[in-house]
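Asker: sequence plus predicted model, see below.
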Amino acid sequence: MPDVTCGVKSGDLLIPSLGVVTEIRRDTPDVKTFRVNSAEGGGVCFPHMPGQCAMLSIPGVGEAMFSITSSPTNTEYMEFSIKRCGTLTDWLHEMEPGQQITIRGPYGNCFPVETDLKGKDLLFIAGGIGLAPLRSVINYVRHYRKNYASVDIVYGARSMDDLVDIDEIRNEWDGRDGVKVHLTIDRAQEGWTGNVGFVPDFVKSLGLPTLKTVLMCGPPIMIKFVLAALQSLGFKKNQVYTTFELRMKCGIGKCGRCNIGAKYVCKDGPVFRCDQMEEMPDEY
Amino acid sequence: MPAVKEIQEKMRARAGELLRDGGVSMALGWKRGEFCHDPEPAFFESEAELDNFVYDGFSSPLLSKYLIETIRKDKQKGEGKGSKFLVFLKPCDSYGLNLLLKEHRVERERVYAVGVGCPGMLDVDKIRAAGVKNMRSFDETETEVTIHASSGDKTLARRDILLEKCLVCKGPEFAVQDEVLAPGLPSFEGGDRFAGVTELESMSPEERFSFWRNELSRCIRCNACRNACPVCSCNKCVFDNPQSGVQAKSNADSFEENMFHIVRAFHVAGRCSDCGECSRVCPQKIPLHLLNRKFIKDINAFYGAFQAGADAEARAPLTNYEFGDVEPGAVVKRGGGA
Amino acid sequence: MLLKLSLDKTGGLFTEMARDRTLYLPVKRGGQADFAPWTPEAEVCLDYLNTARSIKDFFLPQTENIAAFKREGKKITITPTHEEPSPFVVFGARACDVRSLDVLDRVFLSDPVDTFYKAQRENGVIVSMACAEPEETCFCNAFGIDAAEPRGDVVTWIAGNFLYWEAKTPAGEALTGKLETLMSEADSSDLKEIEEQGKAARAAFKELPLGKLSLEGWSGDDLLGKFTSPLWEKMSKSCLGCGTCTYVCPTCQCYDIQDFDTGHGIARFRCWDSCMYSDFTLMAHGNPRKSQLERFRQRFMHKLVYYPANNDGMYSCVGCGRCVAKCPISMNIAKVIKALGGNANA
């Protein structure tokens, strides 16, 4: 299992530091990507590893956990791709560059990019905003490209307008350094010439070799169906990593709400290998 | 009046009949707990389960509010459509059911209400305060309770160990019922129901304020009072809504938990049947019923005697308007206001 | 060294203990015993068995400030607001409550350390009190706790007309050093009396309604089996979804972090939360624990399966019986242990 520690030092862990939002990019009708710098001296707020998360807050509005979308190899800024879906994210979507926010982290483990994933053929599978945590890994892998074998990325969304970071996917990922991208959308749409269909079926149709290590993220329902699809293709659960999100308050495994069975998503996760999930109840 | 044990057996038999002949699909009653004094509300779906049925002086939790969830879940399942749920009601709980019917929380046609006479429910803390340790079993009559305990046997006058709410019993009548088992248990001729309120009214505003500050300072925001209350039946309580700007779980400042109880008392004003569950369930023994009873006393004074839940149709004074209604100036005349 | 003090002299002992720190001890409030700061007027009750609330209050207070924020335009300022800890003594903690600190320690003192909790632990001296007899709702013996011989910085016993006192840790000895002149040395007959009393107490615990409660069926090797048991549905039905059990529980440690608009800025504080509440796991897109069944199951799975799985088999229950005594509808962990524990309690 991933063995990178969460990197949190002792101290008054619940007191955040200040960040400043330096750029806001609209990705889809309901997703924006926020570039964040440390309010003191610019740069990143703290180092992290791909798959780790951070607590962002606007005091008085709310505090919530978001995966860090940018790669650790980017030391100039951090990025968070955030879907508008609640009180805090509404507020974040309305704000303008220059706004300060509070940030604390990094939290959780990470994808095992420095251990188990090295030298492997990698298959990324993402649905909708589920690309956010994988984007960090994909760009990390691209940065250290020679450390990994083939890279395939399967990405699906409700419509072509809901594909997050599509410019980066098309211009920087697809076809570069042997990275192959396979896109799909749920329903046919004018101007779309790619595949139409749900991610699990799409994965089955691609005829990919099963000697790959899979990293997936998406809504829980997609995770369940993709895992079943992969198993029907002959993938084993210990070849598949996924990342979860549940309601969190502390980020350090103490406030007691983000558990799935005996595992805390914020501390033991958010990255789990799917064979670990066999001991975890279906409560996510 | 039959002995309580006889009533219990009648109830068990009747519930069995109704479950068996298909008249009802579930019976809400009480089942035996770990001790002799802790029956738990229970949902009996078959005759066999009724072996654990219990009705005695400790069957104090009210049952009517469970009908909301029971019917909702039944509808979700989409099966047993139209089946009825048997609920055993003590007289005081029948007022609660009426309020749930009136506020369309429960559909009358889904309920089969069986009224059961009540001998007055017992307060285990009062029994302990009388020197009883480790109750093992007890025998009860209308007037006496004999307790068998590791501290020895002790016979106590029932009146002395009743729950506060039973000392001001509304009487043996049922506000709503489909049938009555064992009617006619005489209520205790309670003392002055409003004595506690009158005492508070006689205090200076400063004394009263400090009385409530002290009492409410013990509140731990467990919401037991709210969740047990038959008229606190909102689908989503304002205090559970993170958007409401009020703190649900804790006292962000020292007046926060006071606010919770004040808001709640206002919300149930004119709807509170004075069932006393709020005070019974409070783990911190805050006399919450006094807040509600103050409203009841004032409503009675201004609009004439009114019993919330006495029927399911009549308009309550606070949700009705009549020309003769009291003017807001009444507050000033009574020495309140600025 | 076992010291003793006549019970009618405890006032002097409390005065001395409270001289340079806050002394919390069981006091009659609202008709029941609860820990409160000692004052000369306080109605101290040493004959209580279990307080309404637990000593958790002193280490994980129901509310504690984290930080204050000011938002001006696009700027935010952060000011830490956690109160500086100050020394205190908890007098009269029972064996179950003392054990509960082990449970909390494993949560809050494990990496990364919760500094607020740690500061309270370092500033608190625990003077425990042995139980000479049990409360009806007690079942600490099911968790291997010896109520007649609690742990603590200082352990005390009441027997006959005396309070007996024995320091067990350096912190306890330091406290004892300030009080020694008030007490005299106990002799072997005193010791014998305490021992006899302890023996009788242990026997009495076994005779309680829950005295033979067994956790045999909860060895932790069947997480999914327990989780998927159909019994949860039945057992959770009568649960009102209030937080009484969690709030009176000495080991329930889940907390929430909330912001409060004071009108002069935002106060962020931490407060107790309850897994019984509907918003505990509520997210913008939904709730993985939709009904009371899931919430109810979480509480008991946490105490009896998840916590032990992460903590060398230690249960997150100490058998204090508060939930048993306080649940509005008489549902409790003992019933869950019996119902889902297999044949051990048949």
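Answerer: Structure's in. What do you need?

Asker: quick check: residues of the stretch 101-250 of chain B near chain A?
Answerer: B:242-243 (Cβ under 8 Å from any Cβ of the partner chain). Bear in mind the C-beta positions are built from the backbone N, C-alpha and C, glycine included.

Asker: contact residues of the stretch 101-250 of chain B facing chain C?
Answerer: Counting by Cβ under 8 Å from any Cβ, the stretch 101-250 of chain B sits next to chain C at B:125, B:133-135, B:150, B:215, B:218, B:220-224, B:226-228, B:240, B:242, B:245, B:247-250.

Asker: just the ones of the residues you listed in strands?
Answerer: B:Met135 (DSSP state E).

Asker: now, of the residues of the stretch 101-250 of chain B next to chain C, which are buried?
Answerer: B:133-135, B:215, B:218, B:220-224, B:226-228, B:240, B:247-250 (16 or more other Cβ atoms under 10 Å in any protein chain shown).

Asker: and the residue of the stretch 151-300 of chain C that's closest to chain B?
Answerer: Nearest to chain B, among the residues of the stretch 151-300 of chain C, is C:Cys271, at 3.3 Å (Cβ to the nearest Cβ).

Asker: correct me if wrong, but that residue is in a helix.
Answerer: No: using DSSP: H, G, I helix; E, B strand; the rest coil, the assignment for C:Cys271 is strand, not a helix.

Asker: tell me who's in contact with the residue nearest to it when sequence neighbours are not counted.
Answerer: In this structure, C:Cys271 finds its nearest non-sequential neighbour in B:Ser250, 3.3 Å apart by Cβ to Cβ, 6 or more residues apart in numbering or on different chains. Counting by Cβ atoms under 8 Å, 6 or more residues apart in numbering or on different chains, B:Ser250 makes contact with B:221, B:256, C:62-63, C:256, C:258, C:269, C:271-272.

Asker: what subset of these is buried?
Answerer: So, by 16+ other Cβ under 10 Å, the buried ones in those are B:221, B:256, C:62-63, C:256, C:258, C:269, C:271-272.

Asker: dump the residues you listed to CSV, plus pLDDT.
Answerer: Formatted as CSV, the buried ones among the contacts of B:Ser250 follow (pLDDT from 0 to 100):
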residue, pLDDT
B:Arg221, 91
B:Glu256, 73
C:Gln62, 92
C:Thr63, 91
C:Asp256, 93
C:Gln258, 90
C:Phe269, 92
C:Cys271, 92
C:Trp272, 94
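
Asker: closest to C:Asn141 out of the residues you listed?
Answerer: C:Trp272 (27.6 Å; Cβ to Cβ).

Asker: so the closest one makes contact with C:Tyr255?
Answerer: Yes: with contact defined as Cβ atoms under 8 Å, C:Trp272 reaches C:Tyr255; the gap is 6.0 Å.

Asker: give the residues shared as contacts by those two.
Answerer: C:Leu60.

Asker: next secondary structure after whichever helix in chain B runs longest?
Answerer: Identified as the longest helix of chain B according to DSSP state H is helix B:4-20. Note on helix B:4-20: by DSSP states H and E, the next helix or strand toward the C-terminus is strand B:24-31.

Asker: of the buried ones among the contacts of B:Ser250, closest to chain A?
Answerer: C:Asp256 (5.8 Å).

Asker: where does the closest one land in three-state SS?
Answerer: Strictly by three-state DSSP, C:Asp256 counts as strand.

Asker: for it, give me its contacts.
Answerer: Neighbours of C:Asp256 in contact, by Cβ under 8 Å, 6+ apart: A:249, A:255, B:249-250, C:270-273.

Asker: 10 Å - rerun?
Answerer: A:249-250, A:255-257, B:247-250, C:269-274, C:277, C:279-280 (Cβ atoms under 10 Å, 6 or more residues apart in numbering or on different chains).

Asker: what's the weakest-modelled helix or strand in chain B?
Answerer: helix B:330-333 (a mean of 79; mean pLDDT, DSSP states H and E).

Asker: next, the buried residues of that one.
Answerer: Buried-residue list, helix B:330-333, by 16+ other Cβ under 10 Å: empty.

Asker: and that helix, what does it pack onto?
Answerer: helix B:289-303 (3 or more Cβ pairs under 10 Å, 6 or more residues apart in numbering or on different chains; DSSP states H and E).

Asker: so the helix it packs on, near chain C or not?
Answerer: No: Helix B:289-303 does not reach chain C (Cβ under 10 Å from any Cβ of the partner chain); its nearest approach is 12.9 Å.

Asker: would you check that A:Cys266 makes contact with A:Ile260?
Answerer: No: under the criterion of Cβ atoms under 10 Å, A:Cys266 is not in contact with A:Ile260, lying 11.1 Å apart.

Asker: between these two, which contacts overlap?
Answerer: A:244, A:246.

Asker: neighbour count winner among these two?
Answerer: Comparing A:Cys266 with A:Ile260 by other Cβ atoms under 10 Å in any protein chain shown, the one with more neighbours is A:Cys266, at 29 against 22.

Asker: you'd agree the more buried one is in a strand?
Answerer: No: counting by three-state DSSP, A:Cys266 falls outside a strand, being coil.

Asker: residue contacts, the residue nearest to A:Ala157 when sequence neighbours are not counted?
Answerer: Excluding its sequence neighbours, the residue lying closest to A:Ala157 (Cβ to Cβ, 6+ apart) is A:Leu163, at 4.7 Å. With contacts defined as Cβ under 10 Å, 6+ apart, A:Leu163 is in contact with A:27-28, A:31, A:126, A:128, A:131, A:155-157, A:169-170, A:183-185, A:192, A:194.

Asker: so which of those are in strands?
Answerer: A:27-28, A:31, A:126, A:155-157, A:183-185.

Asker: nearest to C:Gly31, of these?
Answerer: Of these, the one sitting nearest to C:Gly31 (Cβ to Cβ) turns out to be A:Val31, at 56.8 Å.

Asker: how much space separates the closest one from chain B?
Answerer: 23 Å (Cβ to the nearest Cβ, to the nearest Å).

Asker: mind listing the helices for the stretch 151-300 of chain C?
Answerer: Per DSSP state H, counting those that start in this stretch, the stretch 151-300 of chain C carries helices over the ranges C:170-179, C:188-206, C:223-227, C:231-236, C:244-248, C:292-301.

Asker: show me what counts as buried in the third one.
Answerer: Applying a neighbour-count criterion of 16+ other Cβ under 10 Å, one finds C:223, C:226-227 buried in helix C:223-227.

Asker: of the residues you listed, which is the nearest to chain A?
Answerer: Using Cβ to the nearest Cβ, those come closest to chain A at C:Phe227, 4.3 Å.

Asker: find the closest residue to chain A in chain C.
Answerer: C:Ala284 (2.8 Å).

Asker: one step back: who wins for most neighbours among the ones in strands among the contacts of A:Leu163?
Answerer: A:Gly156 (30 neighbours).

Asker: B:Arg32: neighbouring residues, count only.
Answerer: The burial count for B:Arg32: 15, using other Cβ under 10 Å.

Asker: quick check: phi and psi on it?
Answerer: phi -60, psi 140 (degrees, to the nearest 10).

Asker: so it makes contact with B:Arg12?
Answerer: No: using Cβ under 10 Å, B:Arg32 is not in contact with B:Arg12, being 11.8 Å away.

Asker: for chain C, what spans make up the strands?
Answerer: So, for chain C - with DSSP E - the strands run C:3-6, C:22-29, C:32-37, C:63-72, C:75-80, C:88-93, C:124-129, C:154-159, C:162-167, C:184-185, C:255-261, C:266-272.
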